[in-house]
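*Asks:* Let me see the structure of the following:
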Amino acid sequence: MSTNRRVKRSKDRFKSAWSKVADRLGRRILVYLPDTESECPNCYYDKVNRTSSGVPKVSPGNPNYFTTGRCPVCHGKGVLTIVRRRCLYGIVIWDPAGDRMNSYTFTEAGFEGATRVEIKTDPCNLDVIKQAKYFVVDGVVCKLGSPPIIRGLGDKHVLKALLFTTDKPKLNSGEIV
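*Replies:* I've put the predicted structure just below:
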C-alpha cells in the first residue's frame, strides 16, 4: 500500500471520528449576527432624524393607515429591524485548562474578570463566527475573544474559537467553572 493511500485513509478516519465526537458531545450554540434594517412599508422615513416622519404611505382604506400618532407597523422608528441568529453545534469547553490569562480579559473598558469558553465546530461555520455580534452558550452571553483558528490532520476539519464572558454559567448548564 502506498504512503499516499495510508495518509488519505488516516485523514478520512480523523474526519469521521471528529464528526462522530461532535455529533454525540456537541451542544447548541446560538450565534447572533448583525441586525438588518429595512424602511417601513407603511410610513415615510425621516433620514435626518432617523425616525418615522409620521406621514403614512398607504391609502385611508388600508388597515395600517393612521392619521395621528405613530405608525402601527414600525412603532415610530421608521425602520423594521430583523434580528438574525444561527444555531451551530459544537463542543463547548468552559475554562480551558492551562490558560493563565483565564481570570482576566481585555475589553473596551480595560482588564476585567472573565471566563473563557472554547468552542470546536465545523470549519464551514468560519464566516458565521467572524461576523457574529455575540454568542449564547448554555444560556450565557459570550463575545469572540480572538480570531478563530482552523485545525486538523492534514486537511482542515476543526474550527476552534475562543470566547469570553463576564457572566457565569447557569446552575443547570452542567458545567462547573
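
*Asks:* Which residue, other than its chain neighbours, is closest to Cys43?
*Replies:* Counting by C-beta to C-beta, 6 or more residues apart in numbering, Cys43 lies nearest to Cys71, which is 4.1 Å off, once chain neighbours are set aside. Glycine gets a C-beta too; all of them are placed from N, C-alpha and C.

*Asks:* was I right about the one you found contacting Asn42?
*Replies:* Yes - with contact defined as C-beta atoms under 8 Å, Cys71 reaches Asn42; the gap is 5.4 Å.

*Asks:* Show me which of the two is the more surrounded one.
*Replies:* Cys71 (25 against 19; other C-beta atoms under 10 Å).

*Asks:* Count the neighbours of Asn49 for me.
*Replies:* So Asn49, with other C-beta under 10 Å, has 9 neighbours.

*Asks:* now it: how far from Lys77?
*Replies:* Distance, Asn49 to Lys77, by C-beta to C-beta, to the nearest Å: 11 Å.

*Asks:* Kindly report the same for Leu25.
*Replies:* 43 Å.

*Asks:* Those two - which one has more neighbours?
*Replies:* Counting neighbours by other C-beta under 10 Å for Leu25 and for Lys77 shows that Lys77 has the greater number, 17 against 12.

*Asks:* can you tell me which residues contact that one?
*Replies:* 40, 51-52 (C-beta atoms under 8 Å, 6 or more residues apart in numbering).

*Asks:* CSV for those, including secondary structure and pLDDT?
*Replies:* Shown next, in CSV, are the contacts of Lys77 (DSSP: H, G, I helix; E, B strand; the rest coil; pLDDT from 0 to 100):
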residue, secondary structure, pLDDT
Cys40, coil, 90
Thr51, strand, 89
Ser52, strand, 88
